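In: Sequence first, then the predicted structure, then my questions.
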Amino acid sequence: MDFSWSDEQKALYQATRAFAERELNERNVERDHTGEFNLAGWKKAGEFGLHGMVIPAEYGGGGVDVLTAVSGMEGLGYGCRDAGLVLAISAHIVICEIPIWQFGSDEQRHRYLPKLCTGEWIGAYGLTEPEAGSDAFSLRTTARREGDVYKLNGQKIFITNGPIADVVVVFATVDRSKGAHGVTAFLVEKGFPGFQVAKELDKCGLRTSPTAELFFDDCVVPVENRLGAEGDGPRVMHGCLEWERACLMGASIGMMDYQLGKAVAYAKTRRQFGRPIADFQAISHRLADMKVRLETSRQLIYKVAWMKSQGLPAFTEASIAKLWVSECRLANAMDSVRIHGGYGYMREFEVERHLRDVIPGVIGAGSSEIQKNLIARDLLKD
Ligand SMILES: Cc1cc2nc3c(=O)[nH]c(=O)nc-3n(C[C@H](O)[C@H](O)[C@H](O)COP(=O)(O)OP(=O)(O)OC[C@H]3O[C@@H](n4cnc5c(N)ncnc54)[C@H](O)[C@@H]3O)c2cc1C
């Protein structure tokens, strides 16, 4: 086993972290209040090469391998205090670009990926529906083939980047009686007739990441915009889950690392009862707990990324990592608020924002309960 980063990976981490610290943190507190997406930061991230990092060069990307991508995402998570922007970037890469790259035709790859890699186009992923959350494949959005087009009818909810997306990977069923085997993915562009972004949703955290409901009313989608074959929906979904868990969680590691550094610095300087609060074992043990959660999370993510880089299936390992890291992030964010006392609860500092921002981690992309179901299913299979 080799736990060391290559020089290229170390350099990408440092460069991404420095770029994010310098360019992506303007007016964070204000934008969190108003719920404003950092479009200028998005464009700069495109120029820096973040959006296309993992996509092969022939489609306009940087073509880095998954381990290197994790180091870049960790740098982004450390340097960028705007978790909404980090989510927007991660979703764009992992659940829009990756499915197109992995399951798209060559024509689809050439049509969409170069614009997505520069960030000129923004991508999204529409799976969840009001009646189909954890039970995603019970979705009700239908796709009816009529000659050279499909007509999509239905509704999606909680879609990250929904209000600003140029193209959305939308899941619909061509035959509800087939269950998951009828679920099919489509590339729906914002201008397609019958496609409407209905409502931007107001969230308690990740406020700078725009989230929307989408409606499809006889939405006309050309047959050439089907992603994979009819019934390939589950394959498309599972194909990006491991990437999602490795890349998105890579940013989480950077965020936890940054947050721990802040908590340590605060505990060393804040004085009560005539000494730094770090002198109280209750506080230093809390810091130790945060460190243990950070390092165990890090090992799990690196392992998933390494397995993927070796071409090994990592589905259960990715579930273990998703479960552990998202729960650890939440616990660390809460500990950080406690260490900062009343200051940690005030909105002008970033401590409470971090707590609000990490809550969806235990809900989205398969909740903690769903991850436990998947891990148990793997354990109990014959
Ligand atoms: C900020 C944010 C961004 C999101 N972005 C996207 C996006 O870009 N695209 C997209 O498609 N979706 C997105 N989602 C949706 C997200 O994936 C769903 O919220 C998630 O899958 C859970 O579905 P649900 O909210 O309907 O909850 P439900 O499925 O109704 O779950 C409610 C509770 O019941 C539990 N539960 C459900 N089934 C089981 C079971 N079998 N065993 C044990 N417990 C169970 C859940 O764990 C949860 O605690 C986003 C959500 C959020 C909050």
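Out: In hand now; what should we look at?
In: Count the neighbours of the residue of the stretch 1-150 of the chain found nearest the ligand for me.
Out: Residue nearest to the ligand within the stretch 1-150 of the chain: Gly133 (1.8 Å; C-beta to the nearest ligand atom). C-beta here means a position set from N, CA and C on the backbone, and glycine is covered the same way. When neighbours are defined as other C-beta atoms under 10 Å, Gly133 has 17 of them.
In: Please apply the same query to Phe158.
Out: 20.
In: doesn't it fall inside a helix?
Out: No. Read with DSSP: H, G, I helix; E, B strand; the rest coil, Phe158 is strand and lies in no helix.
In: coming back round to it: look up how far Glu348 lies from the residue of the stretch 1-150 of the chain closest to the ligand.
Out: Separation of Gly133 from Glu348 (C-beta to C-beta, to the nearest Å) stands at 34 Å.
In: now do Gln102
Out: Gln102 is 43 Å from Glu348, where distance means C-beta to C-beta.
In: and the two? which has more neighbours close in?
Out: Neighbour totals were compared for Gln102 and Glu348, and Gln102 leads with 15 against 9 (other C-beta under 10 Å).
In: Does the helix or strand bottoming out on mean pLDDT in the chain reach the ligand?
Out: Ranked by mean pLDDT, DSSP states H and E, the weakest helix or strand in the chain is helix 233-269, scoring a mean of 90. No. Judged by C-beta under 6 Å from any ligand atom, helix 233-269 makes no contact with the ligand; its nearest approach is 9.5 Å.
In: Which SSE is immediately downstream of that helix?
Out: Downstream of helix 233-269, the first helix or strand assigned by DSSP states H and E is strand 271-272.
In: Adjacent strands (with direction) for that following strand?
Out: Strand 271-272 pairs in its sheet with strand 275-276 (antiparallel), by DSSP bridges.
In: Tell me the first helix or strand C-terminal of the partner strand.
Out: Later in the chain than strand 275-276, the nearest helix or strand by DSSP H and E is helix 281-309.
In: buried set for that following helix?
Out: Under the neighbour-count criterion of 16 or more other C-beta atoms under 10 Å, helix 281-309 has 283, 286-287, 290-291, 293-294, 297-298, 300-309 buried.
In: next one: stretch 351-361
Out: By neighbour count on 16+ other C-beta under 10 Å, the buried set for stretch 351-361 is Val351, Glu352, Arg353, His354, Leu355, Arg356, Asp357, Val358, Ile359, Pro360, Gly361.
In: Please tell me how far the third one sits from Ile277.
Out: Counting by C-beta to C-beta, the gap from Arg353 to Ile277 is 22 Å.
In: what residues does the chain put near the ligand?
Out: Taking C-beta under 6 Å from any ligand atom as the criterion, the neighbours of the ligand within the chain are 91, 125-128, 133-134, 158-160, 206, 211, 360, 363-365, 367, 369-370, 373.
In: In helices, which of the residues you listed appear?
Out: Within these, residues falling in helices by DSSP state H are Ala91, Glu369, Ile370, Asn373.
In: Look up the closest residue to the first one, ignoring the ones flanking it.
Out: On the basis of C-beta to C-beta, 6 or more residues apart in numbering, the spatially nearest residue to Ala91 that is not a chain neighbour turns out to be Thr160, at 4.4 Å.
In: Run through the residues that contact that neighbour.
Out: Thr160 makes contact with Leu87, Ala88, Ala91, Ala124, Tyr125, Ser209, Pro210, Thr211, according to C-beta atoms under 8 Å, 6 or more residues apart in numbering.
In: hmm, try it at 6 Å
Out: Residues in contact with Thr160 (C-beta atoms under 6 Å, 6 or more residues apart in numbering) are Ala91, Ser209, Thr211.
In: which residue ranges form the strands in this protein?
Out: Taking DSSP state E as the test, the strands found in the chain are 123-126, 142-146, 149-160, 167-173, 183-189, 195-200, 211-222, 226-227, 271-272, 275-276.
In: Also compute the angle for the fourth one relative to strand 142-146, please.
Out: Using axes from the mean of the first three to the mean of the last three C-alpha atoms, to 10 degrees, the interaxial angle of strand 167-173 with respect to strand 142-146 works out to 90 degrees.
In: angle of strand 167-173 against strand 211-222?
Out: With the same axes, to 10 degrees defining the directions, strand 167-173 sits at 80 degrees from strand 211-222.
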